[in-house]
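[1] No sequence on hand, only this structure:
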């Protein structure tokens, strides 16, 4: 007997034998998704794009004896602001088929973002164009450390929870 499907908004999706069902990979009120996934046996697998961009894909895998290849795969698609529902694949070939389709969209998004940055008069502290300019002006070591410092600060800001009301 299958467990009941989740009824609250934005459940995750399980793709198995060509069928999609709703489920939760982690409880819906989980605050640290990555830690919750690691705690339940998921390990980082493939990543395409940056979590600070307009679109990225991050995948996880964990051993599962009842699957054709001994693993199941979990896909996270998101952007700098939001993560969509996680998608679970029990078949490796089905996972690869979808992953290659999504990475094409991420590549196109990255190209569009780069063109937008070239056309913009706004400075982005961690932007690709700014990184290239910093490396050209300051050299690899000095420019790289300034970029990494800004990136660490940005990551800290992103991970710091908002103050309680």
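    That came in fine, so what should we check first? Being a predicted model, the structure only gives us computed values, none of them experimental.
[2] Okay, helices next: where are they in the protein?
    For the chain, the helices defined by DSSP state H cover 33-39, 92-119, 128-159.
[3] Just send the ones you listed back as a markdown table, with mean neighbour count too.
    From N, CA and C alone the C-beta is placed, and that goes for glycine too. Shown next, in a markdown table, are those (neighbours: other C-beta atoms under 10 Å):
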| stretch | mean neighbour count |
| --- | --- |
| helix 33-39 | 14 |
| helix 92-119 | 14 |
| helix 128-159 | 13 |
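[4] among the ones you listed, which is nearest residue 13?
    Smallest distance to residue 13 across the helices of the chain (C-beta to C-beta): 11.0 Å, for helix 92-119.
[5] now for that closest one, which elements pack on it?
    Applying 3 or more C-beta pairs under 8 Å, 6 or more residues apart in numbering; DSSP states H and E, we find helix 92-119 packed against strand 43-48, strand 56-63, strand 71-78, strand 87-89, helix 128-159.
[6] mind listing what residue 15 touches?
    Shown in contact with residue 15 (C-beta atoms under 8 Å, 6 or more residues apart in numbering): 87-91, 94, 98.
[7] can I see the domain layout of the chain?
    Domain assignment for the chain by automatic domain parsing gives 1-119, 120-160.
[8] Tabulate these (TSV), appending mean pLDDT.
    Converted to TSV, those look like this (pLDDT from 0 to 100):
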stretch	mean pLDDT
domain 1-119	85
domain 120-160	72
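[9] I'd assumed residue 36 was in contact with residue 26.
    Yes. Counting by C-beta atoms under 8 Å, residue 26 touches residue 36, with 4.1 Å between them.
[10] Give the residues shared as contacts by these two.
    Contact with both residue 26 and residue 36 is made by no residue, according to C-beta under 8 Å, 6+ apart.
[11] can the helices and strands packed on helix 92-119 go into TSV with extra columns for distance to residue 103?
    Below are those laid out as TSV (distance: least, C-beta to C-beta, whole Å):
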stretch	distance to residue 103
strand 43-48	5
strand 56-63	7
strand 71-78	11
strand 87-89	14
helix 128-159	18
